[in-house]
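1. Below are the sequence and a predicted model for it; my questions follow.
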Amino acid sequence: MSEGGGRNTIGILGGGQLGRMLALAAHDLGLHTRCFDESADAVAGHVTQLHIDSFDHPARLDAFLDGLTAVTYEFENVPVALAQRISERIPCFPPPAALDAAQDRVTEKTLFRSLGIPTAGFAPVDTLAQLKAAVAAQGLPAVLKTRRLGYDGKGQYVLRDESDTAKAWGALGATDSSAPGGVGAEGAAPARAANLILEQFVPFTRELSIIAVRSEAGEVRTWPLIENTHSQGILRTSIAPAPNAPAAITEQATGAVRAVMNHLNYVGVLAIEFFQLGDTLVANEMAPRVHNSGHWTIDGSITSQFENHIRAVAGLPLGDCSMRDAAPSASSAMLNIIGRMPPRERLLAAARGRAKLHDYGKEPRPGRKLAHISVNAPSLRDLNIAIGELRAILG
């Protein structure tokens with residue numbers, strides 16, 4: 001511990017925009033950070049020290065770990081064995097068990113169900129025969145997904161009728177190259193396990209997320225429930241508080257995130273994404289890190305998700321997660337800027353100058369998250385007007 005209390009030099013595994021925003025939050029608290037990434041172009045390097053090496057060589061982390069008082073991560077695909085190794089030397093938060101649960105969709109959904117959190121029906125799939133059996137048992141439509149590494153809509157295939165079964169298997173499954181069309185023969189053992197999951201399609205009303213933070217002492221604080229809009233598998237807009245959310249829905253979400261955090265003895269920020277079906281929530285997935293749908297908290301909350309994550313990891317008191325504007329109808333929104341950067345002048349002039357731009361310093365390319373823009377408003381009506389203006393600029 002430092003003389004003033006808390007851990008004062010924090011390592012961050014990953015150097016993308018989340019690592020960048022974590023480093024900026026730590027700086028405002030008077031803490032030091034150091035990021036580890038495999039790319040010399042990692043944008044966190046613009047604002048903090050960047051250690052460049054491979055995650056495949058854990059021994060090379062020694063120089064990175066030297067002098068650190070705690071370690072966290074900005075993405076959930078950090079090797080679990082690496083996080084466990086680090087945790088044997090210095091505090092590593094969130095705990096490796098959270099990484100282990102979040103990296104595999106089957107493990108994740110099994111955890112949810114064990115805690116009484118509803119999920120869509122699911123079945124692990126390693127062969128074409130298993131896929132056909134799962135389709136027969138669960139029915140269609142359904143979604144075939146990779147169990148690991150899928151994000152922003154990648155690694156997914158929607159099955160709407162039986163003819164899609166072979167197509168989905170050819171797109172994502174372990175294939176037998178000798179079979180016509182590259183699709184393995186029915187019942188044949190593939191060269192490797194496909195490591196997929198078939199999930200029942202959820203005819204949801206909307207997508208929601210809850211973000212919470214937990215301290216080492218077990219204190220949990222949550223931000224308002226968030227409504228999310230996706231396009232082409234990528235988050236486009238988040239609104240907080242989620243409009244017209246019944247109290248029962250908010251209670252389900254906060255109860256779920258508390259249950260997961262307490263079960264894992266979690267430290268830091270955790271996000272859970274849900275599908276809403278009427279008055280019921282179905283958990284989709286969790287992210288053991290700061291989350292894209294929580295970017296609005298930088299400008300819309302008294303304490304952002306980034307600051308509270310750093311506070312938790314550093315052993316400091318948690319901050320207030322309330323809306324910055326105390327008006328009962330105050331609302332906040334975040335819009336991702338993807339692929340190309342609109343004229344900065346138009347963005348900053350939008351919503352009568354109330355829009356806040358957060359540029360990640362990335363080179364433009366299709367599908368890439370380059371920045372986000374957030375806006376606060378005294379009412380949902382005013383917020384929707386601002387969102388419409390910003391969407392027109394974003395295109």
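-> Received the coordinates, thanks.
2. got the buried residues for stretch 244-253?
-> For stretch 244-253, burial by neighbour count (16 or more other Cβ atoms under 10 Å) applies to 245, 249-250, 252-253. (Glycine included, C-beta is placed from N, CA and C.)
3. got the CA positions of that stretch in PDB?
-> C-alpha atoms of stretch 244-253 as PDB (Å, rounded to 0.1, in the frame of the first residue of the first chain):
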ATOM      1  CA  ASN A 244     -39.700   2.900 -19.700                       C
ATOM      2  CA  ALA A 245     -38.000   0.100 -17.800                       C
ATOM      3  CA  PRO A 246     -40.300  -1.400 -15.200                       C
ATOM      4  CA  ALA A 247     -38.800  -1.500 -11.700                       C
ATOM      5  CA  ALA A 248     -39.000  -5.300 -11.800                       C
ATOM      6  CA  ILE A 249     -36.700  -5.400 -14.800                       C
ATOM      7  CA  THR A 250     -34.100  -3.200 -13.100                       C
ATOM      8  CA  GLU A 251     -34.400  -5.400 -10.000                       C
ATOM      9  CA  GLN A 252     -33.800  -8.600 -12.100                       C
ATOM     10  CA  ALA A 253     -30.700  -7.000 -13.700                       C
END
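4. who touches it?
-> 208, 210, 225, 227, 242, 272, 274, 276, 279-281 (Cβ atoms under 8 Å, 6 or more residues apart in numbering).
5. Quick check: mean pLDDT of it?
-> For stretch 244-253, mean pLDDT rounds to 97.
6. Check the offset of it from the chain's centre.
-> 21 Å (Cα atoms, centre = their mean, to the nearest Å).
7. do the same with stretch 321-339
-> 18 Å.
8. From Ile90, how far out is Lys369?
-> 30 Å (Cβ to Cβ, to the nearest Å).
9. Compare neighbour counts for these two and give me the winner.
-> Using other Cβ atoms under 10 Å as the criterion, Lys369 and Ile90 rank with Lys369 on top: 18 against 15.
10. Just list whatever residues bridge to the more buried one.
-> Ile338 (DSSP bridges).
11. which residues sit in contact with it?
-> For Lys369, the contact set (Cβ under 8 Å, 6+ apart) comprises 17, 234, 292, 336-338, 360, 362.
12. And these, which is closest to Ile86?
-> Gln17 (22.5 Å; Cβ to Cβ).
13. returning to what we had before: pick out the most distant pair among the buried residues of stretch 244-253.
-> Ala245 and Gln252 (10.2 Å).
14. where in this protein is pLDDT low?
-> Along the chain, the parts satisfying pLDDT under 70 run over 1-6, 58, 150-153, 174-193.
15. Repeat the analysis, applying 80 as the threshold.
-> Applying pLDDT under 80 to the chain flags residues 1-7, 57-60, 149-154, 173-194.
16. mind giving me the domain ranges of it?
-> Split into domains by automatic domain parsing, the chain comes to 1-92, 122-200.
17. Tell me where the stretch 1-150 of the chain has helices.
-> When assigned using DSSP state H, counting those that start in this stretch, the helices of the stretch 1-150 of the chain occupy the ranges 17-28, 62-65, 80-87, 96-102, 105-114, 128-138.
18. Buried residues, the shortest one. List them.
-> In this case it means helix 62-65. Within helix 62-65, the residues that count as buried by 16+ other Cβ under 10 Å are 64-65.
19. Which strands and helices lie in contact with it?
-> Helices and strands in packing contact with helix 62-65 are not found; criterion 3 or more Cβ pairs under 8 Å, 6 or more residues apart in numbering; DSSP states H and E.
20. Mind listing residues that contact it?
-> Helix 62-65 is contacted by residues 11, 34, 36, 51, 53, 71, 86, 89-90 when judged by Cβ under 8 Å, 6+ apart.
21. Drop anything exposed from the residues you listed.
-> By 16+ other Cβ under 10 Å, those give 11, 34, 36, 51, 71, 86 as buried.
22. where's the nearest residue to the second one once chain neighbours are set aside relative to Asp320, distance?
-> Which is Arg34. Leaving aside its chain neighbours, Arg34 sits nearest to Gln49 (4.6 Å; criterion: Cβ to Cβ, 6 or more residues apart in numbering). Relative to Asp320, Gln49 is positioned 30 Å away (Cβ to Cβ).
23. If anything else comes up later, I'll come back, but that's it for now.
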